[in-house]
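Enquirer: okay, sequence plus prediction incoming.
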Amino acid sequence: MTSGTLARPARRRETDPPLGQAVELLAWYDRHRRRLAWRALPGAAVDPYRVWLSEIMLQQTTVKAVGPYFARFIERWPTVEDLARSPIEEVMKAWAGLGYYSRARNLHACALAVAERHGGRFPATLEGLRGLPGIGDYTAAAIAAIAFDQPAAVVDGNVERVVTRLDAMEATLPGAKPAIKARVAALLDPDRPGDFAQAMMDLGATICTPKRPACSLCPWERFCLARKAGTQESYPRKVPKATGKLRRGAAFVVVRADGHLLVRTRPPRGLLGGMTEIPGGAWSADFAVATAKADAPMALDFTRVPGVVTHVFTHFPLELAVFRGTAPAGTPPPAGMRWIGSEEIAGEAFPTVMRKVIDHAL
């Protein structure tokens, strides 16, 4: 067997318990599958590009939030080669507001790798997929199963919830992940791995929800140990997350007399890497608003805007004091900064926190 190629296991009998569960799940899926823009219709060919694009977008993001972004990306870049040919700056602008911006940088890098190293075709093996930028174990398994019908165990947050309730798993996440993945591998139908993966996701998203799961509608109700014990909402068990320490900072909204706004681009790596921002100082726990103007980008008469802008990142909450100043027409931008017209603001690659700052000040 070639390295990285997944062997298809021999078909199990429908009387075997795990496959019996898969049959019931797939029967439910055939009746109730969600219609999603990136999901192929029954019997239609699957586009690996759409599968990959949707999986990257859906990381740490909801289906509802992803929908409009996916539609705009597909309209603008119908193929992976189209995306690869686009400047990274344009991709970042199109991604703005979706969050977790390293995904956008990896998205473009992956498109380049597929176009340049693989002739515009995604590898069909787990090993080949893992070798692409921004594709980890989960995304590789999802693409392998959904796009190429490989019997890969696909485990996202929805699947973790389904499986831990099904078996009443007491082990806490993230330590329970290997056991969950092994259980999914034992459950999946080797003849329909792509449909099985999507069925598990749909079950978790629509029936086995975090709160008030609709157990009476679940195709696995009679198999579910947590349901039998009445403890379904207590799974999965999780180690409490440590809350990051509050950070504070200042943002300086400078508007030139001709209506232009002063902005700069963040470094390509790190938090909000490559995104456009309003100039300001460092964000820290010991920030002092009394000395904030020392970080102002220009020597202007800045006025503080009442209130603060709040935002929550994955690892810490943030509060920003916002200052507003007006520069004379024709003022050149400081080094490393630039002016943009008011008509350019909507299309600029501002992360959500910076759009909050602009809305707060203007």
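Expert: Okay, I see it.
Enquirer: can you show me the helices along the protein?
Expert: 17-32, 48-58, 63-76, 80-85, 88-95, 102-117, 126-130, 137-148, 157-166, 177-187, 193-206, 225-229, 352-361 (DSSP state H).
Enquirer: let me see the mean pLDDT of the third one.
Expert: Mean pLDDT, taken over the full extent of helix 63-76, equals 97.
Enquirer: quick check: angle from it to helix 48-58?
Expert: Between helix 63-76 and helix 48-58, the angle comes out at 140 degrees (axes from the mean of the first three to the mean of the last three Cα atoms, to 10 degrees).
Enquirer: contacting residues around residue 117?
Expert: Going by Cβ atoms under 8 Å, 6 or more residues apart in numbering, residue 117 touches no other residue. From N, CA and C alone the C-beta is placed, and that goes for glycine too.
Enquirer: ok, it to residue 123 distance?
Expert: Note on residue 117: its distance to residue 123, by Cβ to Cβ, to the nearest Å, is 9 Å.
Enquirer: can you check residue 83 too?
Expert: Using Cβ to Cβ, one gets 17 Å for the distance from residue 83 to residue 123.
Enquirer: repeat for residue 208
Expert: 32 Å.
Enquirer: show me the contacts for residue 50.
Expert: 38, 40, 74.
Enquirer: so which of these wins on neighbours?
Expert: The most crowded member of the contacts of residue 50, judged by other Cβ atoms under 10 Å, is residue 38 (22 neighbours).
Enquirer: quick one: low-confidence parts of the protein?
Expert: For the chain, applying pLDDT under 70 flags the ranges 1-19.
Enquirer: tell me the domain ranges of it?
Expert: In terms of domains, the chain is parsed into 20-234, 247-361 (source: automatic domain parsing).
Enquirer: who are the contact partners of the residue most central in space within the chain?
Expert: In the chain, the residue lying closest to the centroid (Cα atoms, centre = their mean) is residue 59, at 2.7 Å. Counting by Cβ under 8 Å, 6+ apart, residue 59 makes contact with 100, 103, 139.
Enquirer: for burial, what's the neighbour tally of the first one?
Expert: Counted with other Cβ under 10 Å, residues neighbouring residue 100 total 16.
Enquirer: so how far is residue 59 from it?
Expert: On the measure of Cβ to Cβ, residue 100 and residue 59 end up 7 Å apart.
Enquirer: same deal with the last one?
Expert: Distance of residue 139 to residue 59, computed by Cβ to Cβ: 8 Å.
Enquirer: picking up where we left off before, buried deepest among the domains of the chain, which one?
Expert: domain 20-234 (a mean of 18; mean count of other Cβ atoms under 10 Å).
Enquirer: what about it, start to end distance?
Expert: In domain 20-234, first residue to last residue: 26 Å (Cα to Cα, to the nearest Å).
Enquirer: so how far is that domain from its chain's centroid?
Expert: 11 Å (Cα atoms, centre = their mean, to the nearest Å).
Enquirer: start and end of stretch 167-174, how far apart?
Expert: Start-to-end, stretch 167-174 (Cα to Cα) is 16 Å.
Enquirer: now residue 259, nearest residue through space, not along the chain?
Expert: Nearest residue to residue 259, sequence neighbours excluded (Cβ to Cβ, 6 or more residues apart in numbering): residue 342, at 4.9 Å.
Enquirer: the one you found and residue 276, how far apart?
Expert: Residue 342 is 14 Å from residue 276, where distance means Cβ to Cβ.
Enquirer: and residue 76, by the same measure?
Expert: From residue 76 to residue 276 the distance is 19 Å (Cβ to Cβ).
Enquirer: over to residue 307?
Expert: Taking Cβ to Cβ, one finds residue 307 at 23 Å from residue 276.
Enquirer: cool, and residue 243?
Expert: Residue 243 is 29 Å from residue 276, by Cβ to Cβ.
Enquirer: repeat for residue 22
Expert: From residue 22 over to residue 276 (counting by Cβ to Cβ), the distance is 47 Å.
Enquirer: OK, contacts around the closest residue to residue 218 other than its chain neighbours?
Expert: In space, and not counting its chain neighbours, residue 218 is closest to residue 207: 4.9 Å by Cβ to Cβ, 6+ apart. Shown in contact with residue 207 (Cβ under 8 Å, 6+ apart): 213, 214, 215, 217, 218.
Enquirer: any idea how far the first one lies from residue 168?
Expert: What it means is residue 213. Residue 213 is 14 Å from residue 168, where distance means Cβ to Cβ.
Enquirer: residues in contact with residue 206?
Expert: 32, 34, 214.
Enquirer: now do 10 Å
Expert: 32, 33, 34, 158, 213, 214, 217, 218 (Cβ atoms under 10 Å, 6 or more residues apart in numbering).
Enquirer: which residues does the residue nearest to the fifth one when sequence neighbours are not counted contact?
Expert: Spatial nearest neighbour of residue 213, chain neighbours left out: residue 232 (5.6 Å); criterion: Cβ to Cβ, 6+ apart. By Cβ under 10 Å, 6+ apart, the contact set of residue 232 is 161, 164-166, 168, 208, 212-213, 215, 218, 224-226.
Enquirer: which of the residues you listed sits closest to residue 348?
Expert: Nearest to residue 348 among the contacts of residue 232 is residue 161, at 37.6 Å by Cβ to Cβ.
Enquirer: quick one: contacts for the closest one?
Expert: Residue 161 touches 173, 180, 200, 203-205, 208-210, 213, 232, 235-236, counting by Cβ under 10 Å, 6+ apart.
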